[in-house]
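Asker: Attaching a predicted model along with its sequence, questions to come.
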Amino acid sequence: MNVKETGFNGLFTLEPDVFEDHRGYFFESWNREKFREYGLDQDFLQDNQSMSGAFVLRGLHFQLPPWQQGKLVRVISGSVLDVAVDLRKNEPTYGKHFKYTITAKQKNLLWLPPGFAHGFLTLEPNTIFFYKCTQVYNKESEASIAWFDPDLNIDWGVENPVVSEKDKLAPLFRDFNSPF
């Protein structure tokens, strides 16, 4: 597995070793011992999967402490533009975002440690997005930041994505007092 630093402390892209032959392919999307070699010693408590049509934007979501989640994300079918926003006040990348394209074809992954808001835009119809979480979902601690926030200045590459009513009403970053 090829693990690459992103310039954000603890945020990594991952490219697994893929073994292909006439039958298809095989790869490990999670191996605890291999992840430990890279300092990513995590216990995953919940797996989530979503399917979306093209140009659906979900995010920017996170959970507040003590229910904050680390996430290992990948795409099973289709592709996404994945965005992570650093909410950790003591990091030099606080308030900055990282964009990464994840595709089923490339089989690449992204590790987001706790303290990041997360969102993605599907780039193809019937995109299946999968993520392992280090904490279970807790409705009382769910939070979000507006995907269209002018201070974050994220170029999603699409004018009018399909967005939930909840995400349309998310607060701006400048109104967020980070507990991270």
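Answerer: Good, I have the coordinates. Residues are numbered from 1 along each chain as shown.
Asker: C-alpha from now on. contacts and neighbour counts both.
Answerer: Fine.
Asker: helix, strand or coil for the residue most central in space within the chain?
Answerer: Centroid-nearest residue in the chain, with CA atoms, centre = their mean: H118, separated by 4.8 Å. Following DSSP: H, G, I helix; E, B strand; the rest coil, H118 is assigned to strand.
Asker: how about the helices of this protein, start to end?
Answerer: For the chain, applying DSSP state H gives helices covering 32-37, 165-168.
Asker: What is the neighbour count of L64?
Answerer: 18 (other CA atoms under 10 Å).
Asker: Now do the contacts for it.
Answerer: By CA atoms under 8 Å, 6 or more residues apart in numbering, the contact list for L64 reads S141, E142, A143, P179.
Asker: if I look at it, how far off is T93?
Answerer: Distance from L64 to T93, counting by CA to CA, to the nearest Å: 19 Å.
Asker: go on, F44?
Answerer: Taken as CA to CA, the span from F44 to T93 is 25 Å.
Asker: for V73, same thing?
Answerer: Using CA to CA, V73 is found at 21 Å from T93.
Asker: So for those two, which residue has more residues nearby?
Answerer: Set V73 next to T93 and count neighbours by other CA under 10 Å: V73 wins out with 24 against 16.
Asker: so what's that one scoring on pLDDT?
Answerer: The confidence metric pLDDT takes the value 98 at V73.
Asker: Look up the residues forming beta bridges with the residue lying closest to it once chain neighbours are set aside.
Answerer: Spatial nearest neighbour of V73, excluding adjacent residues (CA to CA, 6 or more residues apart in numbering): Y131 at 4.3 Å. For Y131, the beta-bridge assignment (DSSP bridges) gives partners N48, V73.
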